[in-house]
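Undergrad: Pasting a predicted model and its sequence here:
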Amino acid sequence: MSTLQRVIANAVAAVDRAGRIVKEVLHSGSLGIIDKAQDDLQTEADRSAQKCIVASLSKSFPRMKIIGEEGAQEGMAAKDDWIVKELDGAVLKETLPSDLAGVDEKDIVCWVDPLDGTKEYTQGLLDHVTVLVGFAVGGKAVAGVVHQPFYNYTKQADPFKQGRTMWGIVGLGVRGITPAVPASGKIITTTRSHSSPTINACIEAMKPTEVIRVGGAGHKVLLLIEGQAHAYVFPSPGCKKWDTCAPEALLEAAGGALTDIHGSKILYHADVDHPNWGGVLATCKRDLLPQYLREVPESVRQALPVLGQKL
Ligand SMILES: *[C@@H]1O[C@H](CO)[C@@H](O)[C@H](O)[C@H]1NC(C)=O
């Protein structure tokens, strides 16, 4: 059994446990919100869900580098029942592509966003919330585990029966979600709460038939995979590697593509800068990407640094 496969299988089990924590915090009625920076919220759910995922993965895979949105945390340690040792059986049944099968544990970098869409979580827009665990090898996002804890919450009243987990491995495909493309139009999804003149100018130049403004990079990529939008356009340095690693791998495994606004691959080595300085451009199908890249106005390109250049 390959190491990467066991790592992914553990992550699939752990995100489910993290999702339960996210629900328990919501239903406890006390979110424990703090403002980390201007308009960058963190709740008890972010903190506890990260502890659950990091403690689980590092227990079984101590040589893997794990980088989480909430950083190294002080205070309460992970509770014993947050440490997930199970390996998801469906993942173990797959055969990994040969280039990934032999990867050593120390060469895997894991990017964790325990609660993508925190603002929407605090506002009750629950389907925008995802738990993201992405894996990179050689700087490339190769596998993504995405859990949507409140999936189907408008129809299913029991919170502990809501939710779904999707995962994808580049070169293998996606599980838990069925890829589709929109039937018509030119539908763009973008940020709900972090808009800017640059973002608006870029979207306007693309002449969409519809713009869907929602929270969370994970949620936006799910809209692309499920055929609700053609492109995700975010020409801003406002998102981070843990926001994009798992969604990028899931999208690529489903046939789409995600790059920065210049068309450069986002790199996920252990020592990279955390912000995605070049923004994000993603399409539901890989062959749509060049067209959207051409439509990015020159002024927008100039507003965002090219890869490797810091603001
Ligand atoms: C959503 O919940 C309803 C009510 O329990 C259920 O009938 C339906 O199958 C669920 N849909 C999905 C996609 O899980």
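TA: Cool, got the structure. Residues are numbered from 1 along each chain as shown.
Undergrad: distance of the nearest residue to Cys52 once chain neighbours are set aside from the ligand?
TA: Using C-beta to C-beta, 6 or more residues apart in numbering and skipping residues adjacent in sequence, the residue nearest Cys52 is Trp82, 4.0 Å away. Placement of C-beta: from N, CA and C, glycine included. Going from Trp82 to the ligand by C-beta to the nearest ligand atom, to the nearest Å gives 26 Å.
Undergrad: is it true that Trp82 touches Arg17?
TA: Yes. The criterion here is C-beta atoms under 8 Å, and Trp82 meets it with Arg17 at 6.5 Å.
Undergrad: shared neighbours of these two, anything?
TA: Taking C-beta atoms under 8 Å, 6 or more residues apart in numbering as the criterion, Trp82 and Arg17 both touch Cys52, Ser56.
Undergrad: Quick one: low-confidence residue ranges for this structure.
TA: Scanning the chain for pLDDT under 70 picks out 31-32, 34-41, 72-76, 307-311.
Undergrad: the domain parsing of the protein - what is it?
TA: Taking automatic domain parsing as the criterion, the chain consists of the domains 3-175, 187-303.
Undergrad: Any chance of CSV for those domains, columns mean neighbour count?
TA: Formatted as CSV, those follow (neighbours: other C-beta atoms under 10 Å):
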stretch, mean neighbour count
domain 3-175, 19
domain 187-303, 20
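Undergrad: how about these, which one is nearest Val181?
TA: With C-beta to C-beta as the criterion, Val181 lies closest to domain 187-303 of the domains of the chain, at 5.0 Å.
Undergrad: Mind putting the domains of the chain into CSV with distance to Val181?
TA: CSV is the format used below for the domains of the chain (distance: least, C-beta to C-beta, whole Å):
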stretch, distance to Val181
domain 3-175, 14
domain 187-303, 5
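Undergrad: Spell out, range by range, the strands that occur in the protein.
TA: 34-37, 40-42, 65-68, 108-116, 130-137, 140-148, 164-169, 173-175, 187-191, 210-214, 231-234, 257-259, 280-283 (DSSP state E).
Undergrad: For Val306, find the nearest of these.
TA: The minimum distance between Val306 and those falls on strand 257-259, with 11.9 Å, by C-beta to C-beta.
Undergrad: What parts of the stretch 51-200 of the chain come near the ligand?
TA: Asn152, Lys155, Gln156 (C-beta under 6 Å from any ligand atom).
Undergrad: List phi and psi for the first one.
TA: In other words, Asn152. phi 70, psi 20 (degrees, to the nearest 10).
Undergrad: check contacts around it.
TA: Asn152 sits in contact with Gln162, Gly163, Arg164, where contact means C-beta under 8 Å, 6+ apart.
Undergrad: okay, those residues in TSV with distance to Leu258 next?
TA: TSV is the format used below for these (distance: C-beta to C-beta, whole Å):
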residue	distance to Leu258
Gln162	27
Gly163	24
Arg164	21
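Undergrad: Tell me the one among the residues you listed nearest to Ala90.
TA: Arg164 (13.1 Å).
Undergrad: Need the nearest residue in space to that closest one, chain neighbours excluded.
TA: Nearest to Arg164 is Tyr151, by C-beta to C-beta, 6+ apart, at 4.5 Å.
Undergrad: thought Leu304 was touching Gly279?
TA: Yes. Look at Leu304 against Gly279 with C-beta under 8 Å: they come within range, at 5.1 Å.
Undergrad: anything in contact with each of the two?
TA: Counting by C-beta under 8 Å, 6+ apart, the residues touching both Leu304 and Gly279 are Pro235, Ser236, Pro237, Asp260, Ile261.
Undergrad: Now the two most distant members of the residues you listed.
TA: Ser236 and Asp260 (10.8 Å).
Undergrad: Where do the helices of this protein begin and end?
TA: For the chain, the helices defined by DSSP state H cover 3-28, 44-60, 89-92, 98-101, 118-123, 197-205, 217-225, 241-253, 289-295, 298-303.
Undergrad: contacting residues around the fourth one?
TA: Under the criterion C-beta under 8 Å, 6+ apart, residues Ser2, Leu4, Gln5, Thr95, Val137, Val142, Ala143, Ile169, Val170, Gly171 lie in contact with helix 98-101.
Undergrad: Spatially, which two of the residues you listed are the most separated?
TA: By the measure C-beta to C-beta, Thr95 and Val137 form the most distant pair in these, at 17.0 Å.
Undergrad: For the residue in the stretch 1-150 of the chain positioned nearest to the ligand, which residues are in contact?
TA: The ligand sits closest to Gln148 of the stretch 1-150 of the chain, with a gap of 10.9 Å, by C-beta to the nearest ligand atom. Each residue near Gln148 by C-beta under 8 Å, 6+ apart is listed here: Asp127, Val129, Thr130, Val131, Gly163, Arg164, Thr165, Met166, Gly218, His219, Leu222.
Undergrad: distance of the closest residue to Gly263 other than its chain neighbours from Ala217?
TA: Once flanking residues are discounted, Gly263 sits nearest to Leu293: 4.6 Å by C-beta to C-beta, 6+ apart. Distance, Leu293 to Ala217, using C-beta to C-beta, to the nearest Å: 19 Å.
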